[in-house]
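**Student:** the amino acid sequence is not available; the structure is as follows:
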């Protein structure tokens, strides 16, 4: 839909969100802000604080951050405790 509306669309993985927010005139579209890697949460918050635009379609924002373990697995804070 965004492409049909004239936006140039780039799909990135959740871990690449911080590096994707590197220019002006970006509309960040996410299916959910509920559970993302912690660095992505931080990058999104900074992007919004700087006046960035966001389209999120579900989930309670910033509720369940994910953390990368030394073994390379993404776990939420409940599992890490």
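**Tutor:** That came through fine. Here the structure is a predicted model, which is why all the values come from computation and not from measurement. Numbering: from 1, shown residues only.
**Student:** end-to-end on stretch 10-30?
**Tutor:** End-to-end span of stretch 10-30 (CA to CA, to the nearest Å): 12 Å.
**Student:** from now on call the first residue 21
**Tutor:** That works, and once the first residue is 21, the last one we named lands at stretch 30-50.
**Student:** what about residue 61, how many residues nearby?
**Tutor:** For residue 61, the neighbour count with other CB atoms under 10 Å is 21. (Each C-beta comes from the backbone N, C-alpha and C, glycine too.)
**Student:** would you say it is within a helix?
**Tutor:** Yes: looking at residue 61 with DSSP: H, G, I helix; E, B strand; the rest coil, it is inside a helix.
**Student:** ranges for the strands of this protein?
**Tutor:** Here the chain has its strands, by DSSP state E, at 47-50, 73-76, 86-88, 94-96.
**Student:** how about those in a markdown table, adding mean pLDDT?
**Tutor:** Formatted as a markdown table, the strands of the chain follow (pLDDT from 0 to 100):
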| stretch | mean pLDDT |
| --- | --- |
| strand 47-50 | 90 |
| strand 73-76 | 90 |
| strand 86-88 | 87 |
| strand 94-96 | 85 |
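**Student:** could you dump those to a markdown table with mean neighbour count?
**Tutor:** As requested, the strands of the chain are exported to a markdown table (neighbours: other CB atoms under 10 Å):
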| stretch | mean neighbour count |
| --- | --- |
| strand 47-50 | 16 |
| strand 73-76 | 12 |
| strand 86-88 | 16 |
| strand 94-96 | 14 |
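**Student:** can you put these in a markdown table and add distance to residue 24?
**Tutor:** Shown next, in a markdown table, are the strands of the chain (distance: least, CB to CB, whole Å):
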| stretch | distance to residue 24 |
| --- | --- |
| strand 47-50 | 13 |
| strand 73-76 | 14 |
| strand 86-88 | 31 |
| strand 94-96 | 32 |
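**Student:** can you list the low-confidence ranges for this protein?
**Tutor:** 98-101 (pLDDT under 70).
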